[in-house]
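Colleague: model this:
(chains A and B)
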Amino acid sequence: MLYNSPRRVLLAAALYLGLSTANELKADENLFGRVRGAETLPKGHIDFYQITELAEGKNSGSFRGWGFETELEYGFTDQLQGSISLINRFFDIQGHPQEYDDSYRYRFGGIESSLKYRLWSPFKDPIGIAFRFELGYRPFDEVAGLPQQEFHAAPELILQKNYLDDTLITEVNLGFQMAWGKLPAEDYDRELMLRGAVGVSYRIAPNLFLGIEGRIVSEFPRFHLNDNEHTVFFAGPALHYGGQKFWVTAAWGYQFWGRGDSDEPHNGKTYAEEPRNDFVLKVGLNF
Amino acid sequence: MNKRTLLKGIAPALALGGPSVLYAETFLTPPQAQMLLFPGEKLSPVTITLSSEQKKAIASASGVRVRSDTVQAWKAGNGGWLIIDNVVGKHEFIDFAVALKADGSVKGVEILTYRETYGGEVRNPKWRSQFTGKTTTTPVKIDSDIKNISGATLSSVHITDGVRRLLYTWSIVLKNSG
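Modeller: Residues are numbered from 1 along each chain as shown, chains lettered A, B, ... in the order given. The predicted structure follows:
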């Protein structure tokens, strides 16, 4: 109760400034919270995105890590699009979960930019294939807002296969992220993240898709593949509304399984760097 | 003709027994499509309900799923046909009209309503003119005898598939009806 007023002020300020983030997958008209499709924007078109995410819950205490990302995407050609996004975060940590200091703080999450090139279209080719490459800078880590000077590069392969007149859509993402400058947020300077994601969504009514998605993330300090810091698997539903001028996607990912080398055993879960629940709300405006 | 309408043309649409669209980007009403595709001709509505065997035959021949049991068709005095149908767009349905000559070849294609964010280029007359003269003996496929519109791929593919499906609907059902 002591923090109610400043909490509201900070949260409102963060939202007003268009702040932001999803720490992994984002962009395009997304059917999912964390899985990308192989489509690209038509040439000359602009999409504006506001993504809000909430990483909620640890093994104890109260943990809420809000992310707010404001993104602009532009179609350079019908097959190549670029994006730039501004990321802001807000942390509400109480009860010392995972030995974090209790805090109620805003952090500038950083800036990211990406290019996405579509090789094959999911609508007319045997399978949709796209390649995406992201560069980013994060002055505070996305886990708890701890200081760092991270620069990262993240290539990704995106596959999409549609069925039933493009009303049943499957998407697969495979990629990795190499990050430098993790100190002092982490005990080491470099980190490799491998990630894969799968989503299936069906158009249950005009404008409305209902789907399910899952993603697995695995991190390796100092780029050493024989030193797995943690691996986690999230899965959950995703609801998407697509209109002529805007779209909205709401998704919930639940940590079904996790393993971390610095964790106490938590019944097959890892909470040192991952939440129990991963909520995502995306709003996109088309121009 | 490009205007947002609220029930615009619902009366003539109902008169023709065609689909009525609320709050949509309507470019042509069914009567207007008839006037464009069969100028000066009087058409008679024909209500056709496809049997499951006919649906299977059309789907098998065209390679396109048949979603509806009903064909909204009008027959011209010279043996031609006007069919109004729809295909799945990215978010909503795209309504379109196909005019066929008495020999089953395409006389013309018109887009009636289009509600999608992107891909409205399928209304381009030059693109639609590619369908003229097509029959069941031609592929009627994107990247084959029909050019894709880059940036409007989903709409291009679905309308092309829709025209092919209706060509086989004529061949299997309409050709031998009334």
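
Colleague: check for me that A:Pro42 belongs to a helix.
Modeller: No. In this structure, A:Pro42 is coil, not part of a helix, as judged by DSSP: H, G, I helix; E, B strand; the rest coil.

Colleague: mind checking the SS state of the residue in chain B that chain A sits nearest to?
Modeller: For chain B, the residue closest to chain A is B:Gly151, as judged by C-beta to the nearest C-beta, at 3.3 Å. Using the backbone N, CA and C atoms, a C-beta is placed for each residue, glycine as well. When classified by three-state DSSP, B:Gly151 comes out as coil.

Colleague: and the closest residue to it other than its chain neighbours, what does it touch?
Modeller: Spatially, and ignoring its direct neighbours in sequence, B:Gly151 is nearest to A:Pro42 (3.3 Å; C-beta to C-beta, 6 or more residues apart in numbering or on different chains). Contacts of A:Pro42 were listed using C-beta atoms under 8 Å, 6 or more residues apart in numbering or on different chains, and they are A:Gly75, A:Asp78, B:Tyr118, B:Gly119, B:Ser150, B:Gly151, B:Ala152.

Colleague: out of those, who's nearest B:Gly89?
Modeller: Closest to B:Gly89 out of those is B:Gly119 (7.5 Å), distances taken as C-beta to C-beta.

Colleague: pLDDT score for that closest one?
Modeller: pLDDT recorded at B:Gly119 is 73.

Colleague: gap between it and A:Gly284?
Modeller: Applying C-beta to C-beta, to the nearest Å, the value for B:Gly119 to A:Gly284 is 17 Å.

Colleague: low pLDDT regions in the chain?
Modeller: Reading this off chain A. For chain A, the stretches with pLDDT under 70 are A:1-28, A:263-266.

Colleague: wrong one, I was asking about chain B
Modeller: Residues of chain B that meet the cut-off, pLDDT under 70, sit at B:1-24, B:178.

Colleague: ok, now with 50
Modeller: For chain B, applying pLDDT under 50 flags the ranges B:1-23.

Colleague: I'd like the distance between the spatially most central residue of it and B:Val106.
Modeller: Centrality entry for chain B: nearest residue to the mean C-alpha point is B:Ala97, 3.3 Å, by C-alpha atoms, centre = their mean. Between B:Ala97 and B:Val106 the distance, using C-beta to C-beta, works out to 11 Å.

Colleague: quick check, the residue nearest to the centre of chain B in a strand?
Modeller: Yes. According to three-state DSSP, the state of B:Ala97 is that of a strand.

Colleague: isn't it right up against B:Leu112?
Modeller: Yes. In this structure, B:Ala97 is within contact of B:Leu112 by C-beta atoms under 8 Å, at 6.0 Å.

Colleague: shared neighbours of those two, anything?
Modeller: Contacts common to B:Ala97 and B:Leu112, judged by C-beta under 8 Å, 6+ apart, are B:Leu28, B:Pro30, B:Ala33, B:Ile84.

Colleague: get me the contact residues on the stretch 151-287 of chain A for chain B.
Modeller: A:Leu164, A:Asp165, A:Asp166, A:Thr167, A:Arg203, A:Pro206, A:Asn207, A:Gly242, A:Gly243, A:Gln244, A:Lys245, A:Asn286 (C-beta under 8 Å from any C-beta of the partner chain).
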